[in-house]
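>>> fold the following.
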Amino acid sequence: MKCEELLAMLNEYVDGGVDPGVCEQFEKHLAGCNPCQVVVDNIRKTITLYKEGQPYELPVQFRERLHSALRMRWKEIHFSSKETE
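Here you go, the predicted model:
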């Protein structure tokens with residue numbers, strides 16, 4: 001199994017909807033491919049956090065940078081669209 005094949009069926013794998021034979025290939029690939037291990041681990045952690053339903057407080061500096069970037073992007077979209085009208 002190649003990384004592209006693994007990533008194409010990743011959602012089905014995480015949801016448990018992959019044929020057992022394919023799961024074996026999937027697991028074998030994961031055992032030897034660190035980048036794919038990281039992707040699968042991140043998805044599993046994301047699902048776990050989502051299921052727990054606990055809010056996560058963003059660090060203040062990160063939140064401020066995020067809000068600033070979103071404001072700038074909003075202005076770019078809304079002011080540039082008015083100029084083309």
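>>> quick one: average pLDDT of the longest helix along the chain?
Criterion DSSP state H: the longest helix present in the chain is helix 60-83. Mean pLDDT, helix 60-83: 87.
>>> chain center to that helix: distance?
Distance of helix 60-83 from the chain centroid (Cα atoms, centre = their mean, to the nearest Å) equals 22 Å.
>>> need the contact partners of that helix.
Helix 60-83 is contacted from outside by residue 58, using Cβ atoms under 8 Å, 6 or more residues apart in numbering. In short, each C-beta sits where N, CA and C put it, glycine included.
>>> tell me which residue is most central in this structure.
residue 43 (6.3 Å; Cα atoms, centre = their mean).
>>> residue contacts, the nearest residue to that residue once chain neighbours are set aside?
Of all residues not flanking residue 43 in the chain, residue 14 sits nearest, at 5.7 Å (Cβ to Cβ, 6 or more residues apart in numbering). Contact analysis of residue 14 by Cβ under 8 Å, 6+ apart lists 40, 43-44, 47.
>>> where does residue 14 sit, in terms of helix or strand?
Assigned by DSSP states H and E, residue 14 falls within helix 10-15.
>>> could you chop the protein up by domain?
For the chain, the structural domains run 1-54, 58-85, going by automatic domain parsing.
>>> thinking again about what came up before, buried subset of the contacts of residue 14 as a ChimeraX selection?
If you want just the buried ones from those in ChimeraX, going by 16 or more other Cβ atoms under 10 Å, the selection is:
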select :40
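>>> just the contacts of residue 14: which are in helices?
Those of the contacts of residue 14 lying in helices (DSSP H): 40, 43-44, 47.
>>> next, residue 18: secondary structure please.
At residue 18, secondary structure determined by DSSP: H, G, I helix; E, B strand; the rest coil is coil.
>>> hmm, residue 9 and it touching each other?
Yes: assessed by Cβ atoms under 8 Å, residue 18 is found in contact with residue 9 at 6.1 Å.
>>> pull up the overlap in contacts between the two.
residue 26.
>>> list the residues that contact residue 30.
So residue 30 contacts 6, 36-37, 40 (Cβ under 8 Å, 6+ apart).
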